[in-house]
Structure formats: structure tokens, C-alpha cells
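Undergrad: let's see this in three dimensions:
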Amino acid sequence: MGRGTRAGATIAGAAAAALGGVAAYDLTQRKHAILRNFPIIGHFRYWVETVGPELRQYIVTSNDEERPFSRDQRRWVYASAKGENNYFGFGTDNDVERVVGYPIIKHRTFAGPGATTAPHGSEGTPLPSAKVLGGPRGRRHAFRPASVVNISGMSFGALSAPAIEALNAGAAIAGCMQNTGEGSIAPPHRSGGDLVFQIGTAYFGCRDEHGRFDLGRLVDLVQSAPVRAIEIKLSQGAKPGLGGMLPGAKVDRTIAEIRGIPEGADCASPSRHSAFDDVDSMLDFVELVADATGLPVGIKSAVGNMDFWDELVEKMEPRTRGVDFVNIDGGEGGTGAAPMIFADSVAYPFRIAFSEVYKRFAAAGLTDDLTFIGAGKLGLTENALVAFALGADMVNVGREAMLSIGCIQAQKCHTDHCPVGVATQNPRYTRGLDPTLKKTRFANYLFALRRDLLKVSEAVGVVHPGMINADDIDILDGQRLHVSLRELYGYEPGWGELGKALQDDLVDVMAHLGEDQEEDSRH
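TA: Model prediction:
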């Protein structure tokens, strides 16, 4: 063998050994799911991500063209989750000169305390709901939610056990609630975080052997877990009127046992409830469940035909029966699996949906009697602020929460081949997601979102995002004109705002929280 051949063999051997070392490290490290599941080649993804901004100056797409979430939006979530610098340099690259529907928040120069300027200032400040959930209806276990941002309903089955565990444990750190989704309560839901139990059309977790609703089983279940509220799911933004769908590839033995369904078979929930069939019987059902459990009870729904909402408001006006909260899910919301036509074209997007529902309650003078929750890409600060200005009291985050624990927007949720182990039950991929690390990333993201909500609120001159109103945000039509949310959505004076008593109470709550934080910092 010649000298050159021996040298080549030595180099090749060294290279192979190096690659073997990298592969061994990738397979055993727990920080990055993509590397754990795809050793060596996974590094190319991070390299492309690193040089992407430079490449995209000449080719491919801009930072704001991708959907559902743009590159800039994902970058902000990722950086926030990792506790890294989530600031942006050189000014906005949004096409504010030409884009239609762009929100502009109108700060006030001298009003209010002003916003903190430290990069992570006020990150630890609690940001509770402006309203006591269940208080107006006198529920036995009424409470003020500790966080205005909570986790949307995402079932165990649609998400993996490690993903559910990471979100629940992260919720415990951040002091927020996790909605179970319609797939019932699974072991990873019991990782320290408070829950909102969702009753879907299939009544998983509270059904008898024939699939019918069973009140006794519901009471037993919610008493066995830290359930703070109950949400009746009427429809979902990404597939309204269709019912939930869990592909059979995701239905393993554990999920089959929890839901009471065959293993490996598609799980399609009915499109309608069987426990009630109109608004009147639905309100009877709400009061039945609230009386039996003592918990606040509300509804989640996408918005299409408005007859339902007109009748609901009419039935609630006497204040003898009513829901404790309404969760409006925009048509742009996420899903694990849905026909394209439903995801694309059924149900109004959030801003139209929410404003149409809210206006009906406002005209009846009922808005202080219940809590309004919004969902549908509201885990981004500007979208959440628009929701608050329109009258939302809390927002739920779903896909943004998934991004914070490692989702890369591969859009393979319906295939059971999510490469980072978030939306799959395949052990080939779920092994890469370490909940002990990812829980902190979710908590970091939530801290950053609440911090920015508080900062912008202070810049507007108020102490809480719930006090931002429909006159504080304009919507642009390029450089041609601007119109306030109030004018755009036909809000009358006072709509979208808390009542005077609620505002005074909220100011006191925030003042006491600030005092408590100062006291803690001294110790």
C-alpha cells in the first residue's frame, strides 16, 4: 500500500470515527429532539437555519411569507423559549407600506407608568385574568385565573405523552392552565399543572359503556385531578361542525384504554352532542354540570351562522342560567387532522368571529357577567393585543406552545411522523423529546409573551392588557388610511372595555401583585 493510500485510509478512518462520535453524542443528548431522532444529518437543519437570513436576501421566501407561522414569528417563539435574545435589529421588515390589515398600537406619551426597558424586565410579574371565572354565576369553586395566557385544548393522542407532560409541567412553572382537549385526562396531564377539562361530543373520560354522557364518571374524574374549570366543546376553528379526528396510526393501546375505543382504528368524534340538542337544553346541561362539580363551565366554539349566538344571548338575559365563559376559536386555528376545505374555508377567522359574538353580549349588557377567551394564532403578542382590545379577557395558545417545545412546523401532524416527537405516538420520534428540558422552554415562552403584553399595556398607559380598548389599536390599509378597531368592527362606546367596578378591582389586583414582587425581591 502506497503512502498516499495509507494517508487516505487514515483520514477516512478519522472521519468515520469523528462521525461516529457525533452520532453517539446526538443519540444520547437530550437538548435537541431533531438531533436525537436524526443524528448527524439533523445538524444540517441548524446550519441552514443559521445561514438562512443571508441566503434569503437573494432566494426563496421572505421572513414574513411562510404560513401558518412566518419565519420571524417562529424565531421569536424559539428565542423566547430558549431564554435567548428575542429582539430584532435594523427595524421592521414587514411591508407596512402596502399590507392591508396591519395593526398599529397607539402608545401614550405621558399616561400611565410607562414600559420597563430591561430586555427581560417584568418577566416574573404575574398577569392574572381581569375577571373571576364563575364569580358572576356564584359557582362554588369560582376563581381568578392566575394567567391571561393558557394552553389550548390539545388531546393526548393528537400530541405525544412527552409533549403533554412538558406542557403540563411547564404550565406549573408558569402558573397557567392546560386544556386537556377532548381526549380526556391522561397520566402526563398529572405533572403539576392545573387543568381545564374539555367535554367533547364523544364524552371521552365521562361516558358510559354505550358512549353516552355519564355525570357520575365526570364528577369522579374531575375530583381525581387538579381540574379548575370545564369546557364544553361545540366546535373547533380548524374543523367546525365536523367533530374530532384521531387517525388510527396514533391510537395506541394507552390511548385506546383512556378513550374506550379500539386500538389502531380511526377515532372520529360525532359532529353533534347527544346530551343536548338546542340552546335551551345546552344551558340546562351547563347548570347540571356546574351544580354537580362546583366548577365554572363554559363553551368553546368556532363561529359561522349567528342564530345560535342570538338565542344564547336571549336565554342568558334573565340571568337565571348561563355559561361562565365563551371561548371563541378562529377559523385560522390549528388541528392535528382535518379535511382541507374545513381548515381553509369553514368558520370565520378570529377577529370577525370574536367581534360578532362579543357585540351581541355587549348589546344585552352581559359582557361583565362572563369571561371571554380567544384562540387562533393569539400566541403572538400583536394578535393577542388585538384580541384584548376587542374584549377578550384571556387567550389560549396551541401551536405556539408546540413551537416552544420543539415543533418545526413540519405539518405532518396527521401522519404520525412528526420528526420532533410533538404530534406523534411513534416511539421512533417521541424518544427525542425530553419533557424535563422542554417544560422550561414552554415556561420561558409564556413568561416572554406575558412580559411583552405587560410592556405594551404600560406603553399605552394602562396596567393590564385587559384595559386596552378598541380605540387603542388602528388597522392600516397600507399608507392610504387607518381605522380604529372600534370603527372597523362597529363597536359602540364602552364595548370592548371592562365595567368600572372591574377596572377598579383590576388596578388594585395589579398594585398588590407589584407590591408582593417588590417584597420578594428584597428577600
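Undergrad: start and end of stretch 303-320, how far apart?
TA: 25 Å (C-alpha to C-alpha, to the nearest Å).
Undergrad: how about stretch 307-326?
TA: 16 Å.
Undergrad: which residues touch that stretch?
TA: 133-134, 136-137, 139, 142, 229, 231, 279-280, 283-284, 286-287, 290, 296-299, 301, 303, 356-357, 360-361, 363-364, 366, 369-373 (C-beta atoms under 8 Å, 6 or more residues apart in numbering). Every C-beta, even on glycine, is put in place using the N, C-alpha and C of the backbone.
Undergrad: what do you get for stretch 346-363?
TA: For stretch 346-363, contacts defined as C-beta under 8 Å, 6+ apart pick out 235, 237, 239-241, 302-304, 306, 309-310, 313, 326, 328-333, 367, 370, 372, 374-378, 383, 386-387, 390-392, 489-492, 494-496.
Undergrad: can you pull the contacts of the residue most central in space within the chain?
TA: Nearest to the mean C-alpha position of the chain, counting by C-alpha atoms, centre = their mean, stands V397 at 1.0 Å. By C-beta under 8 Å, 6+ apart, V397 lies in contact with V149, N150, I151, S152, A375, L378, G379, L446, L449.
Undergrad: hang on, the earlier thing: inside strands: which ones of the contacts of stretch 346-363?
TA: Judged by DSSP state E, those include V326, I328, D329, F372, G374, A375 as members of strands.
Undergrad: adding distance to V422 and pLDDT, write the residues you listed out as a markdown table.
TA: Shown next, in a markdown table, are the ones in strands among the contacts of stretch 346-363 (distance: C-beta to C-beta, whole Å; pLDDT from 0 to 100):
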| residue | distance to V422 | pLDDT |
| --- | --- | --- |
| V326 | 29 | 98 |
| I328 | 25 | 97 |
| D329 | 20 | 94 |
| F372 | 29 | 98 |
| G374 | 23 | 97 |
| A375 | 18 | 95 |
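Undergrad: which pair of the residues you listed spans the longest distance?
TA: Pairwise distances among these were taken by C-beta to C-beta; the largest, 12.3 Å, belongs to D329 and F372.
Undergrad: hmm, back to that, and of the ones in strands among the contacts of stretch 346-363, the nearest to V222?
TA: V326 (20.4 Å).
Undergrad: what is the neighbour count of that closest one?
TA: Residues lying near V326 (other C-beta atoms under 10 Å) number 22.
Undergrad: give me the distance between it and A410.
TA: Distance, V326 to A410, using C-beta to C-beta, to the nearest Å: 33 Å.
Undergrad: ditto for G432
TA: Taken as C-beta to C-beta, the span from G432 to A410 is 13 Å.
Undergrad: so what's the residue nearest to P162 when sequence neighbours are not counted up against?
TA: Among residues not flanking P162 along the chain, L433 sits closest, at 4.2 Å (C-beta to C-beta, 6 or more residues apart in numbering). Contacts of L433 were listed using C-beta under 8 Å, 6+ apart, and they are A33, S160, P162, A163, A166, I405, G406, V420, G421, V422.
Undergrad: hmm, 10 Å instead?
TA: Neighbouring residues of L433 by C-beta atoms under 10 Å, 6 or more residues apart in numbering: 30, 32-33, 36-37, 159-163, 165-166, 405-407, 418, 420-422, 424.
Undergrad: now do the buried residues in stretch 340-352.
TA: Across stretch 340-352, burial judged by 16 or more other C-beta atoms under 10 Å covers F342, A343, V346, A347, Y348, F350, R351.
Undergrad: show me which of those residues is closest to N86.
TA: F350 (23.7 Å).
Undergrad: and the closest one, backbone torsions?
TA: phi -60, psi -50 (degrees, to the nearest 10).
Undergrad: from G333, how far off is it?
TA: For F350 relative to G333 (C-beta to C-beta), the value is 8 Å.
Undergrad: do a quick rundown of the helices in the stretch 101-250 of the chain.
TA: With DSSP state H, counting those that start in this stretch as the criterion, the stretch 101-250 of the chain has helices at 161-174, 215-223.
Undergrad: out of these, nearest to D474?
TA: helix 161-174 (31.3 Å).
Undergrad: most tightly packed of the helices of the stretch 101-250 of the chain?
TA: helix 161-174 (a mean of 25; mean count of other C-beta atoms under 10 Å).
Undergrad: by mean pLDDT, which helix or strand of the protein comes out lowest?
TA: When each helix and strand of the chain is scored by mean pLDDT, DSSP states H and E, helix 42-55 comes last, with a mean of 68.
Undergrad: mind checking the end-to-end distance for stretch 430-441?
TA: With C-alpha to C-alpha, one end of stretch 430-441 sits 17 Å from the other.
Undergrad: what residues sit buried inside it?
TA: T430, R431, G432, L433, D434, P435, K438, K439, T440, R441.
Undergrad: let me see the backbone angles for A511.
TA: Dihedral angles for A511 - degrees, to the nearest 10 - are phi -60, psi -40.
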